[in-house]
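Enquirer: task: produce atomic coordinates for the following.
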Amino acid sequence: MAIVRVVSAHTTGKPHTLASSGLSIGEAATQSGVSAKMIRHYETLGLLSGVARRNNGYRQYGPREIHTLQFIKRARDLGFSMAEIAELVGLWQNRRRTSASVKRIAQAHADDLARRIEAMQAMQQTLLSLIRCCQGDHRPDCPILDDLAGSASPIAHPVCSTKELLHQPRP
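Expert: Residues are numbered from 1 along each chain as shown. Down below sits the predicted model:
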């Protein structure tokens, strides 16, 4: 069993020793909740740096790498882009960071999410309106297909009111 020196980004910065032979990529995947394929991808992107290798060339993951993988997974779960995650990992590992930098990234992401949610709600309203206009019967006439083809017309679909079709946003 080898002794691995690990410096945690969330301690006083002083190294401590752990009795460990390190984890294989499969074990690291299990403990972190990140697939082995994604772990390799994160390494390629530079999000996991300095991963130790065993004599046989296999990667060896310690607590620091597992914690970093969990950090990345949580950031991905919140929808941050890989570029934002790279910046956040750098800030997380830099004890001299300013929280203003972190807040700026999080606020920009929250603003982007709000814009995307608003656009998705508009899409949903358009679809619901088109669904209400569609008879859904044996006839071939379909306002949904007509709208997708760019030829929606309240005259062609008397079930829909002019008001209902005219107030739906078109991309």
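Enquirer: angles on the backbone of residue 59, please.
Expert: Backbone torsions for residue 59, taken as degrees, to the nearest 10, come to phi -70, psi 150.
Enquirer: begin at 687 from now on, thanks
Expert: In the new count, where the first residue is 687, that last one comes out as residue 745.
Enquirer: list the beta-bridge partners for it.
Expert: Beta-bridge partners recorded for residue 745 (DSSP bridges): residue 739.
Enquirer: check what pLDDT it gets.
Expert: Per-residue pLDDT puts residue 745 at 90.
Enquirer: can you pull out the helices in the protein?
Expert: 711-718, 722-731, 749-763, 768-779, 785-819, 829-834, 848-852 (DSSP state H).
Enquirer: break the protein into its domains for me.
Expert: Segmentation of the chain into domains, based on automatic domain parsing, reads 711-765, 785-853.
Enquirer: weakest of the ones you listed in terms of mean pLDDT?
Expert: domain 785-853 (a mean of 84).
Enquirer: which of the domains of the chain sits most buried?
Expert: domain 711-765 (a mean of 16; mean count of other CB atoms under 10 Å). For every residue, glycine as well, the C-beta is placed using N, CA and C.
Enquirer: returning to what we had before: tabulate the domains of the chain (CSV), appending distance to residue 776.
Expert: Output for the domains of the chain, formatted as CSV (distance: least, CB to CB, whole Å):
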stretch, distance to residue 776
domain 711-765, 9
domain 785-853, 10
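Enquirer: hang on, the earlier thing: to residue 740, which of the helices of the chain lies closest?
Expert: For residue 740, the closest of the helices of the chain is helix 711-718, at 11.2 Å, according to CB to CB.
Enquirer: gap between the closest one and the chain center?
Expert: 20 Å (CA atoms, centre = their mean, to the nearest Å).
Enquirer: for stretch 804-823, same thing?
Expert: The answer for stretch 804-823 is 27 Å, by CA atoms, centre = their mean.
Enquirer: just to revisit the earlier point, for the domains of the chain, which one sits closest to residue 777?
Expert: Closest among those, using CB to CB: domain 785-853, at 5.4 Å.
Enquirer: for the closest residue to residue 795 other than its chain neighbours, grab the count of nearby residues.
Expert: Excluding the flanking residues, the one nearest residue 795 by CB to CB, 6 or more residues apart in numbering is residue 766, at 5.8 Å. The tally of other residues near residue 766 (other CB atoms under 10 Å) stands at 19.
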